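1. A structural model of the following input is requested.
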Amino acid sequence: NSRGPVPNTPVRANMFGNVPGYEGTVPGGGGFLPPPMPMEPVAPPQPAPENPEWSIPSLSENAAREALKEFVSSHCCYGDAPVTQGVITSMEPFNTFRYRLETFTESRSTDWAHKPHEGEPADFYAQPAPRPWEVQATPPKLFSDHTEKIRVPYTSSVKQCHTCNAAGTEQCKECSGSGKKTCPMCNGAAKSDPACTHCNGTGKDRCTKCNGSGKKQCETCKGKRQLLTYIELKRCEYCELNSCFSQVYPLLGFPNPAVSQASERLIKEHQTKYGKTSRILQQRQTVELIPITQVNYKWKDKSYVYYVYGNERKVSADDYPETCCCVIL
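-> I've put the predicted structure just below:
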């Protein structure tokens with residue numbers, strides 16, 4: 001199906017009707033339409049209940065030693081004496097929270113569109129057209145970007161094609177309507193001695209695009225002579241991620257105040273950014289704990305440090321004291 005005019009063919013404004021509720025729709029479309037006000041008042045945010053899962057278990061000395069032991073065993077040149085003989089003197093947690101807010105929105109815009117008329121009934125004024133935010137659409141796949149174009153019911157009408165004036169054909173652009181092109185063999189020289197055998201000395205060859213007729217099928221109406229014009233709704237679903245219930249509230253009861261502040265700030269930013277042009281369908285917030293523990297230990301009267309981090313208890317030990325350089329001969 002063909003949509004929109006052929007380049008350099010202006011669309012006449014009067015070829016489209018005036019649909020109640022869509023008076024501002026013009027060829028070329030406009031910006032996103034403001035969503036309707038929510039049917040129910042939004043409840044004020046409430047502090048979250050105490051959650052025992054927010055308590056962070058500390059790393060035990062045995063677990064810290066086992067993590068270092070596994071780290072050393074993964075390095076062929078590291079000795080294990082600091083693990084078996086070293087003494088842990090202190091452990092300090094440096095736990096980090098990662099907060100993520102995902103906002104899933106829907107925005108709608110309208111534009112006049114047309115396609116070749118292929119016998120479809122025109123339903124303009126059969127009954128009132130639904131408003132842009134009343135048009136039924138496919139249920140969204142949450143938190144996935146998606147764009148959908150929908151023909152708005154009861155807005156379609158049949159018009160004569162503006163490109164070919166309902167002729168079904170238009171001038172061939174390849175030969176400018178002459179039906180002939182420069183002979184490719186003699187480049188139009190038209191020599192008579194000897195004459196070009198391809199064009200018989202005329203310097204011209206039949207245009208292959210239009211078979212010499214000078215006309216070709218209209219690109220806009222595909223030879224149908226008429227267009228079905230209608231209002232097209234463009235529906236965009238977009239998920240923004242910054243680092244499931246309906247619209248979420250800030251994590252007012254979270255034990256780490258920095259996380260609570262980040263939650264409140266990002267939610268306000270998203271509501272301000274999307275509230276006027278989009279409808280917030282759902283939001284999802286996640287707080288991820290990244291445990292980090294600094295382990296201080298002594299071996300042979302010298303102090304060293306290593307870090308245990310993540311749920312997998314990986315180790316970073318830049319100053320591990322018993323390393324050697326393996327040389328393969």
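2. residue boundaries of the helices in the stretch 51-200 of the chain?
-> Using DSSP state H, counting those that start in this stretch, the helices of the stretch 51-200 of the chain run over residues 61-73, 81-85.
3. now the helix ranked longest in the chain: buried residues?
-> For the chain, the longest helix by residue count, based on DSSP state H, is helix 257-274. By neighbour count on 16 or more other CB atoms under 10 Å, the buried set for helix 257-274 is 259-260, 262-263, 266-267, 270, 274. Placement of C-beta: from N, CA and C, glycine included.
4. please state the offset of it from the chain centre?
-> How far helix 257-274 lies from its chain's middle: 22 Å, per CA atoms, centre = their mean, to the nearest Å.
5. what's the mean pLDDT across that helix?
-> The pLDDT scores in helix 257-274 average 85.
6. which secondary structure elements does it contact?
-> strand 96-116, strand 226-242, strand 279-290 (3 or more CB pairs under 8 Å, 6 or more residues apart in numbering; DSSP states H and E).
7. now distance to Thr25, mean neighbour count and mean pLDDT too, for the ones you listed, in a markdown table please.
-> Rendered in a markdown table, the data for the helices and strands packed on helix 257-274 read as follows (distance: least, CB to CB, whole Å; neighbours: other CB atoms under 10 Å; pLDDT from 0 to 100):
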| stretch | distance to Thr25 | mean neighbour count | mean pLDDT |
| --- | --- | --- | --- |
| strand 96-116 | 5 | 20 | 91 |
| strand 226-242 | 6 | 19 | 92 |
| strand 279-290 | 19 | 16 | 86 |
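8. nearest to Glu66, of these?
-> strand 279-290 (19.6 Å; CB to CB).
9. packing partners of the closest one?
-> strand 96-116, helix 257-274.
10. between these, which gets nearest to Lys300?
-> strand 96-116 (32.5 Å).
11. direction included, what does the closest one pair up with?
-> Note on strand 96-116: by DSSP bridges, its sheet partners are strand 226-242 (antiparallel), strand 279-290 (antiparallel).
12. among the helices and strands packed on helix 257-274, which comes closest to Asn200?
-> By CB to CB (comparing all of these), the closest turns out to be strand 96-116, at 39.8 Å.
13. now that closest one against helix 257-274, angle please.
-> On the basis of axes from the mean of the first three to the mean of the last three CA atoms, to 10 degrees, strand 96-116 is oriented at 10 degrees to helix 257-274.
14. just the pLDDT at Pro20, thanks.
-> On the pLDDT scale, Pro20 gets 82.
15. and it, that one's in a helix?
-> No: counting by DSSP: H, G, I helix; E, B strand; the rest coil, Pro20 is located in no helix; its state is coil.
16. so who does it touch?
-> Residues near Pro20 by CB atoms under 8 Å, 6 or more residues apart in numbering: 128-129.
17. if we go to 6 Å?
-> Shown in contact with Pro20 (CB atoms under 6 Å, 6 or more residues apart in numbering): no residues.
18. what's the answer for Gly214, then?
-> 172, 177-179.
19. backbone phi and psi for it, please?
-> In terms of degrees, to the nearest 10, the main-chain angles of Gly214 are phi 80, psi 0.
20. would you check how far apart it and Ala262 are?
-> 69 Å (CB to CB, to the nearest Å).
21. thinking again about what came up before, quick one: which of the helices and strands packed on strand 279-290 is nearest Leu289?
-> The nearest among the helices and strands packed on strand 279-290, by CB to CB, is strand 96-116 at 6.0 Å.
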